[in-house]
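Undergrad: make a model of this:
(chains A, B, C and D)
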Number of protein chains: 2
Amino acid sequence: MKFDDKIPIYYQIKEYIYRQMITGKLEPGEKMPAVRQLAVDLTVNVNTIQRALSELVTEKMVESKRGRGNFVTEDTSKIKELKDKLIMEQLKQMYDGLQKLGVSDQEILDYVSRYVKEQERDQK
Amino acid sequence: MKFDDKIPIYYQIKEYIYRQMITGKLEPGEKMPAVRQLAVDLTVNVNTIQRALSELVTEKMVESKRGRGNFVTEDTSKIKELKDKLIMEQLKQMYDGLQKLGVSDQEILDYVSRYVKEQERDQK
DNA sequence: CTTAGTGTTATATCTGTCTATTACACTATA
DNA sequence: TATAGTGTAATAGACAGATATAACACTAAG
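TA: Numbers count the residues shown, from 1 in each chain, chains lettered A, B, ... in the order given. Model prediction:
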């Protein structure tokens, strides 16, 4: 997996796992890959995986069962809340970022609609 | 100044200076505040300012004149290009981020237009 | 020529992140 | 009860970023 070298790897792994849960690639209650396996898959050290997982456990997004594995929370509302939170953060970051560049609200709307149209066209 | 502790400070200072140039708070050819003054203003070490500035000099966004000061480039097209680049990066990051969360193009448009409307309302 | 103001460079130290490695603890099952 | 698979913890080392501090180099102005 490719990482942004400006952001801690353990943090990017957290975000990766968040996305797996939100998009259903990891379902509620599902057993996650073993830490050593994740380390191989993401080509990082086990301790780095552990750092990410321990924070997910603290947040109760993951339940850890010693000797058995790590399991995605069964609390679907928690996953939904997380999705909403991450979406809002994306919107806020974009909005604040553009505003700090002196882009007006109307221009933001224009830029976004044009950008999305171009993406739709390019993917066809 | 407040910094995001997940991103190097020198890098955030670069972005800060970019914004100053793009919004005209720093004009083309203008003399910038002294490095020691910037360090005080942003409450960071001189070396950290220097790290940011040296990259800006490498990029030719800033011209350094020993004993006289640092000066914003007089090349206005370079500043315009930078603004376009930063806007595109913001759009891309938001779009990619939301898409990875499983949000459709139409939903992205809806979220953004709703978000902008709310911001307009709240600021009044 | 001196001095104040500027950028530049260097050293030592601290902290956070990441790695490699080893060991320990628990669970399921053959 | 042995063993394979799992999570957990601890140590040591490397590296990047940030700090404090000092010194050096150049410029402008008195």
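
Undergrad: tell me the SS of A:Asn70?
TA: Assigned by DSSP: H, G, I helix; E, B strand; the rest coil, the conformation of A:Asn70 is strand.

Undergrad: so it is in contact with A:Lys31, correct?
TA: Yes: using C-beta atoms under 8 Å, A:Asn70 is in contact with A:Lys31, at 7.3 Å. Every C-beta, even on glycine, is put in place using the N, C-alpha and C of the backbone.

Undergrad: what parts of chain A come near DNA strand C?
TA: Proximity of chain A to DNA strand C, by C-beta under 7 Å from any atom of the strand, involves residues A:8-11, A:43-48, A:51, A:65-68.

Undergrad: higher neighbour count, A:Asn70 and A:Lys31?
TA: Neighbours of A:Asn70 and A:Lys31, each counted by other C-beta atoms under 10 Å in any protein chain shown, are more numerous for A:Asn70; the result is 20 against 13.

Undergrad: tell me the spacing between the more buried one and DNA strand C.
TA: Going from A:Asn70 to DNA strand C by C-beta to the nearest atom of the strand, to the nearest Å gives 13 Å.

Undergrad: is the strand or helix carrying A:Tyr11 up against chain B anywhere?
TA: Using DSSP states H and E, the element containing A:Tyr11 is helix A:9-22. Yes: under the criterion of C-beta under 8 Å from any C-beta of the partner chain, chain B is reached by helix A:9-22 at A:11, A:19, A:22.

Undergrad: assign A:Glu74 to helix, strand or coil.
TA: A:Glu74 - assigned by three-state DSSP - is coil.

Undergrad: can you count the residues close to it?
TA: The burial count for A:Glu74: 12, using other C-beta under 10 Å.

Undergrad: could I get the average pLDDT for the helix or strand harbouring A:Gln106?
TA: Per DSSP H and E: A:Gln106 is located in helix A:105-123. Averaging pLDDT along helix A:105-123 yields 96.

Undergrad: CA-only coordinates of that helix in CSV, if you can.
TA: Provided in CSV are the C-alpha atoms of helix A:105-123 (Å, rounded to 0.1, in the frame of the first residue of the first chain):
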residue,chain,number,x,y,z
ASP,A,105,-19.0,30.2,-2.1
GLN,A,106,-20.4,30.5,-5.6
GLU,A,107,-17.0,29.7,-7.1
ILE,A,108,-16.7,26.6,-4.8
LEU,A,109,-20.0,25.3,-6.2
ASP,A,110,-18.9,26.0,-9.7
TYR,A,111,-15.5,24.3,-9.3
VAL,A,112,-17.0,21.2,-7.6
SER,A,113,-19.8,20.7,-10.2
ARG,A,114,-17.3,21.1,-13.0
TYR,A,115,-14.8,18.8,-11.4
VAL,A,116,-17.5,16.1,-10.8
LYS,A,117,-18.6,16.4,-14.5
GLU,A,118,-15.1,15.9,-15.7
GLN,A,119,-14.6,12.9,-13.5
GLU,A,120,-17.8,11.4,-14.9
ARG,A,121,-16.7,12.0,-18.4
ASP,A,122,-13.2,10.7,-17.9
GLN,A,123,-14.3,7.5,-16.4
